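Visitor: Predicted model follows, preceded by the sequence.
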Amino acid sequence: MTGLTRGSARPNQWLRNLNAKIASVPMILTAMVIFVGGTAWTVVYSFTNSKLLPRLAFVGFDQYERLWAAPRWLVSIQNLAVFGCLSLVFSLVIGFVLAALMDQKIRFENTFRTIMLYPFALSFIVTGLVWQWLLNPQYGVQSIVRSLGWTSFSFDPLYNSNIVIYGILIAALWQGTGLVMCLMLAGLRGIDEDIWKAARVDGIPMWKTYLLIIIPMMRGVFITTLVIIASGIVKVYDLVVAQTSGGPGIASEVPAKYVYDYMFQAQNLGQGFAASTMMLVTVAIIIVPWAYLEFGGGRKRG
Amino acid sequence: MDNIANNSMAAAYETAPGLVAGPRGRKPRRTLSRRNIIVYGTLIVVALYYLLPLYVMVVTSLKGMPEIRVGNIFAPPLEITFEPWVKAWAEACTGLNCDGLSRGFWNSVRITVPSVIISIAIASVNGYALANWRFKGADLFFTILIVGAFIPYQVMIYPIVIVLREMGVYGTLTGLIIVHTIFGMPILTLLFRNYFAGLPEELFKAARVDGAGFWTIYFKIMLPMSLPIFVVAMILQVTGIWNDFLFGVVFTRPEYYPMTVQLNNIVNSVQGVKEYNVNMAATILTGLVPLTVYFVSGRLFVRGIAAGAVKG
């Protein structure tokens, strides 16, 4: 393709492909101004003592020291770690098991898939509010089990600060496992039928075939799914706002909410910037190795 | 038919392990085999779990408050009332306004329609330029764009506030439309670039030989051939923008709040008695647009998220 355009000898380097360059202006602006510029701006200002307005008065790592001394931030990080690990494990396992079941040449596959995926079309706010209602101890699951006769039954995750994060996890899994199932199913469909036949010939039991042959073959799908879930987990915000608003107390706070509250409510911009920079670092830790595996390391470029 | 044949094949394998080609032809199918019971049983239980919240939402929204206080959330309504729906749509209070979700609904429409059109228009031309009119350095910007999609929004929110304020559109619908267009860029550009790159190269070359230029090729050749990918992009954008909460809260003033933000304010407002039936009606109303898109588009929705997710 480039050969074609290079062939026509235009006098000016810059005027070549002018239309394509004009068409790419929004992309270049977004990439450079918003993604690179915006990120750099936030990182720089995270080293200042900006309060109500951004000010370039550098204070070194003060904001970070304050951040890591703040109980609310520590709770947020802890929640993110628990929520993140569990939702990664559960959505991968549940998603894969569902995909494996769906791959058994079943009838009504479309119906099942539709039912499992529809929560994904809903916003986190809607998801959060529905589960807030279902987990309401006065009317929801707890009251129903109690009305069946087990009067001491207690299940009030959203009102118990020790387990509130699991209440959010339930809603998150309801919303997201359908997507994982779809990705896994696509991965399973991409595996050659002959592999199955060969495994059967060798008399390998089905679960062993999945564990030792199919899953290793689906490494790519797993990694992609993992990256998608993980980068979503770091951003989790709406769901918490809708379900608990961070409560009870500060028990279900998450980093994204910390950032928002300090930037727009507490008007402590420096803290907000420092916290969001920490989020950036977290994502970078997840993304960089993946990007290297996917695009670098001598493999063909996507 | 194919399914049935395959099924009996699978069953044959199970009963006779080690046999490469099982007995062909019709074997009386055992519908109640152990395997079927496990597979379908699990799937049905799982499906019920996924459907339960939807059921509870609908049922609750059709009950009166007295019935909610005495009954359990799974019980069907004894007396169906649509009053909660009317109230959610037209009367529920958010802050000072008591005109229900209708305001948020129209705000969301006014945000979603232009955002979808503008972002798709820009990204499709951009994807086309990247696929067919490569110029030096383009790939670098594209890589930055894709990597940028993973950066948490929180990192970029404040600089965008400043940019929008400088442009004089902070707090308005225009500002929010710009933000949605910006954050739609990575996935949409990727989607269109990959699609256009997959079209036969000869088409493009032939058009070039015939003297067609950048825009002529785009409008006369590329556009008519890429309806499917436009639909996929539209589904992605409509559901994504409609469901957005964070940008709506950050970049608009209360009178311009989109529906999701308003919904959260209605349900999670501190004062007053909690009207669970109105809340659930409001929740369904907010979910109705993406759900409709999902059910109508079916397979295309799956393709959309796969295209947007797998390579994003």
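Guide: Here it is on my side, so go on.

Visitor: Tell me the backbone dihedrals of A:N49, please.
Guide: phi -100, psi 40 (degrees, to the nearest 10).

Visitor: and it, what does it touch?
Guide: A:N49 makes contacts with A:R55, A:A57, A:V59, A:D62, A:Q63, A:G270, as judged by Cβ atoms under 8 Å, 6 or more residues apart in numbering or on different chains. C-beta: built from backbone N, CA, C; applies to glycine.

Visitor: What score does it have for pLDDT?
Guide: Here, the pLDDT recorded for A:N49 equals 89.

Visitor: gap between it and A:V59?
Guide: Remark: distance between A:N49 and A:V59 (Cβ to Cβ, to the nearest Å) = 5 Å.

Visitor: likewise A:T39?
Guide: 20 Å.

Visitor: Those two: which is more packed in?
Guide: Neighbour count, other Cβ atoms under 10 Å in any protein chain shown: between A:T39 and A:V59, A:T39 has more, with 19 against 13.

Visitor: list the residues that contact both of A:N49 and A:V59?
Guide: The contact sets of A:N49 and A:V59 overlap at A:G270 (Cβ under 8 Å, 6+ apart).

Visitor: which residues does B:G287 contact?
Guide: Residues in contact with B:G287 (Cβ under 8 Å, 6+ apart) are A:A121, A:L122, A:S123, A:V126.

Visitor: Show me the residues you listed that map onto strands.
Guide: Using DSSP state E, no member of these falls in strands.

Visitor: Can you tell me which of the contacts of A:N49 comes closest to chain B?
Guide: Set against chain B, the nearest of the contacts of A:N49 by Cβ to the nearest Cβ is A:G270 (11.0 Å).

Visitor: quick one: pLDDT of that closest one?
Guide: Looking at A:G270, the pLDDT reads 92.

Visitor: Measure how buried it is and give me the count.
Guide: Neighbours of A:G270 using other Cβ under 10 Å come to 25.

Visitor: which residue is nearest the middle of chain A?
Guide: Geometric centre of chain A, nearest residue: A:G232, 1.4 Å, by Cα atoms, centre = their mean.

Visitor: Could you find the closest non-adjacent residue to it?
Guide: Residue nearest to A:G232 in three dimensions, not counting chain neighbours: A:G176, with 7.5 Å by Cβ to Cβ, 6 or more residues apart in numbering or on different chains.

Visitor: That neighbour looks like it's in a helix, true?
Guide: Yes - applying DSSP: H, G, I helix; E, B strand; the rest coil, one finds A:G176 inside a helix.

Visitor: gap between it and A:F83?
Guide: Counting by Cβ to Cβ - A:G176 and A:F83 are separated by 12 Å.

Visitor: List the contacts of A:P54.
Guide: Contact analysis of A:P54 by Cβ under 8 Å, 6+ apart lists A:Y45, A:T48, A:L269, B:Y158, B:I162.

Visitor: Per-residue pLDDT of the residue nearest to B:F245 when sequence neighbours are not counted, please?
Guide: Spatial nearest neighbour of B:F245, excluding adjacent residues (Cβ to Cβ, 6+ apart): A:D238 at 4.3 Å. Per-residue confidence (pLDDT) for A:D238: 92.

Visitor: I figured A:D238 hits A:L122, correct?
Guide: No - applying Cβ atoms under 8 Å, one finds A:D238 not in contact with A:L122, separated by 11.0 Å.

Visitor: Make sure B:A92 is actually in contact with B:L285.
Guide: No - the pair B:A92 / B:L285 is not scored as a contact, 10.1 Å apart, by Cβ under 8 Å.
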